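# fold the following, please.
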Amino acid sequence: MPNLLLTHGYFLREDPKEALIKKPYTPLGLLYICSYLRSKGFEVDVFDSTFSTKKELFQHLQSQRPAVLGIYANLMTRGNVVEILCVARQAGWKTVVGGPEPGAYVREYLEAGADVVVIGEGEAIMEELLPALETGDPLHLSKVKGIASLGPGGQVEQTPPRPQIANLDGLPWPAREAVDIRKYLETWREAHGQSSLSVITARGCPYHCRWCSHQVFGKTHRRRSARAVADEVEWLTATYHPDMLWIADDVFTIHHGWLREYAGEMKRRGLRIPFECISRADRLSAEAVQLMADLGCFRVWIGSESGSQRILDSMERGVRVEEVQSAVELCKRKSIQCGMFLMWGYEGEELSDIEATIQHVKRSDPDIFLTTVAYPIKGTPYHGSVADSLVQLKPWSLGSDREIQIRGRHSRRFYSYADQLLRDEVEFARRIRSDTTDGAALELQHRIRTSREGLAAYANEVEA
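Prediction:
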């Protein structure tokens, strides 16, 4: 009988978008907690919901002898996690939630059925929390740092924060054997013709972007040693033979000295496996890009967010538009694809900022770019600055921070025109550069006119 069952609220087949994308990765956070607790003598199982269904998870909870259930929750799985909490509590389980969202919604998760909310990294917290839960003594619970629970009068009782784990090399590798990793590889290969596995080399991001959450790792940056990462990559490739890796760091290229050391370590071992990662434009020097090319990087994602320097400064991105353009060019020279993240609707954005973003993307010409309309994540400075204007469209348990409106901001219809205009302008610019002026180019010109007319028509339409 395990001391702890770990699960999460991601169900690939029950999410239409994810079922279409079919790029699942193992839940590394849960697997790190699993391996850590097993190394401390605890019995831990994982119910990996990725290829399962809610019904199957509920049946498991109702048929097993109750113990402690730990659930990872993020912005997009809130609704599923709330359902899991309800079923688990009814079946007699003690429930713990953690991850990037619960720390910002402590009371909500506790009132939804969680006995405890973990705030911060889960490994050491769970090591102390499990014995405290077994005793059932509130005094023992109050001595565990980094958690919150409800007191006898319904008040939230939060303990002092726990220091971050300093030595990441001291953690065992994630317990990938606890899930059906072959299923992940097969799903990738069937959908995309190649497979991918994820690995992390560091925890945390030290930057101060106002819209970004730091609930779990704080504004820290702690790295594993280059040798330890190379050891894991060597084992992963020898054991599972993935076609590529996803390096799931917030910013992979922060420390150029570490990158240099890692590239040397991989070269000495004769290892070179294709990978993609996320970085910042100001951390992509000519040397860093060369090292990434040597390592096998085939795509780097850059958080560009906007082509307006005024908006970037308002976000406290700490990056200049010209740096993004230069970084994309550096990557192209080394045959590394560039992906670009862009954000519409940040506080104060006007039509001139949208035009600046369009010109920026046309000039940069990334291989791929993804757009979203800014959404305020609770606990971030951005959320605090627009808090008085927020309108929740659904009950908390059924929605997410992505579905909150901001009164007075341009409407979603306005941004849909901005999005279409961006895509058509970029494609038209590519055709002009390649001297391709066919019927498709004429159609693009027509769509560009339509999108510009739409922007003008709905420039004064705002969220109510």
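# hey, which helix or strand in the chain has the poorest pLDDT?
Lowest mean confidence among the helices and strands of the chain (mean pLDDT, DSSP states H and E): helix 138-142, at a mean of 83.
# export stretch 234-241 to PDB, keeping only CA atoms.
C-alpha atoms of stretch 234-241 as PDB (Å, rounded to 0.1, in the frame of the first residue of the first chain):
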ATOM      1  CA  GLU A 234      23.400   9.800 -22.300                       C
ATOM      2  CA  TRP A 235      21.200   7.500 -20.300                       C
ATOM      3  CA  LEU A 236      18.000   8.700 -21.900                       C
ATOM      4  CA  THR A 237      19.300   8.300 -25.400                       C
ATOM      5  CA  ALA A 238      20.800   4.800 -24.700                       C
ATOM      6  CA  THR A 239      17.600   3.600 -22.900                       C
ATOM      7  CA  TYR A 240      14.700   5.100 -24.900                       C
ATOM      8  CA  HIS A 241      16.300   6.200 -28.200                       C
END
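# for that stretch, which outside residues touch it?
By C-beta atoms under 8 Å, 6 or more residues apart in numbering, the surrounding residues in contact with stretch 234-241 are 173, 181-182, 185, 195, 197, 199, 242, 245, 269, 271, 273. Bear in mind the C-beta positions are built from the backbone N, C-alpha and C, glycine included.
# pLDDT on that stretch, on average?
Across stretch 234-241, the average pLDDT comes to 97.
# list the buried residues of it.
Using 16 or more other C-beta atoms under 10 Å as the test for burial, stretch 234-241 gives 234, 236-237.
# reformat these as JSON lines; add distance to residue 141 and secondary structure.
Listed next are these as JSON lines, based on distance: C-beta to C-beta, whole Å; DSSP: H, G, I helix; E, B strand; the rest coil:
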{"residue": "234", "distance to residue 141": "42", "secondary structure": "helix"}
{"residue": "236", "distance to residue 141": "38", "secondary structure": "helix"}
{"residue": "237", "distance to residue 141": "43", "secondary structure": "helix"}
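# ok, so of the residues you listed, who is nearest residue 400?
Of all those, residue 236 has the smallest distance to residue 400: 32.1 Å, by C-beta to C-beta.
# now the stretch 351-464 of the chain, which segments are flagged as low pLDDT?
Applying pLDDT under 70 to the stretch 351-464 of the chain flags residues 436-437.
# strands of that one, residue ranges please.
Taking DSSP state E, counting those that start in this stretch, the strands of the stretch 351-464 of the chain run over residues 368-373, 390-392, 404-406.
# pull out the buried positions in the longest one.
If you call a residue buried by 16+ other C-beta under 10 Å, then strand 368-373 has these buried ones: 369, 371, 373.
# repeat that for stretch 8-28.
Across stretch 8-28, burial judged by 16+ other C-beta under 10 Å covers 8-12, 18, 24, 26-28.
# average pLDDT across that stretch?
In this model, stretch 8-28 carries a mean pLDDT of 94.
# send me that stretch as CSV with only the CA atoms.
The C-alpha coordinates for stretch 8-28 follow below in CSV (Å, rounded to 0.1, in the frame of the first residue of the first chain):
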residue,chain,number,x,y,z
HIS,A,8,-2.3,15.4,-12.6
GLY,A,9,-5.3,16.8,-14.5
TYR,A,10,-4.0,16.5,-18.0
PHE,A,11,-6.1,14.0,-20.1
LEU,A,12,-4.8,14.1,-23.7
ARG,A,13,-7.8,12.4,-25.3
GLU,A,14,-10.3,14.6,-23.5
ASP,A,15,-8.7,17.9,-24.6
PRO,A,16,-9.6,18.7,-28.2
LYS,A,17,-6.6,21.0,-28.8
GLU,A,18,-4.1,18.6,-27.2
ALA,A,19,-5.6,15.6,-29.0
LEU,A,20,-4.9,17.4,-32.2
ILE,A,21,-1.4,18.6,-31.3
LYS,A,22,-0.3,15.2,-29.9
LYS,A,23,3.0,16.4,-28.4
PRO,A,24,2.8,15.0,-24.8
TYR,A,25,5.7,15.0,-22.4
THR,A,26,6.1,13.1,-19.1
PRO,A,27,5.1,15.1,-16.0
LEU,A,28,8.6,15.7,-14.8
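# OK, contacts around residue 131?
Residue 131 sits next to residue 140 when contact means C-beta under 8 Å, 6+ apart.
# is it in a helix, a strand, or coil?
With DSSP: H, G, I helix; E, B strand; the rest coil as the basis, residue 131 sits in helix.
# any idea how far residue 322 lies from residue 306?
Relative to residue 306, residue 322 is positioned 13 Å away (criterion: C-beta to C-beta, to the nearest Å).
# typed the wrong thing, it's residue 166
Remark: distance between residue 166 and residue 306 (C-beta to C-beta) = 36 Å.
# the two: which is more packed in?
Each of residue 166 and residue 306 has its neighbours counted (other C-beta atoms under 10 Å); residue 306 has more, 25 against 8.
# separation between the more buried one and residue 355?
Note on residue 306: its distance to residue 355, by C-beta to C-beta, is 11 Å.
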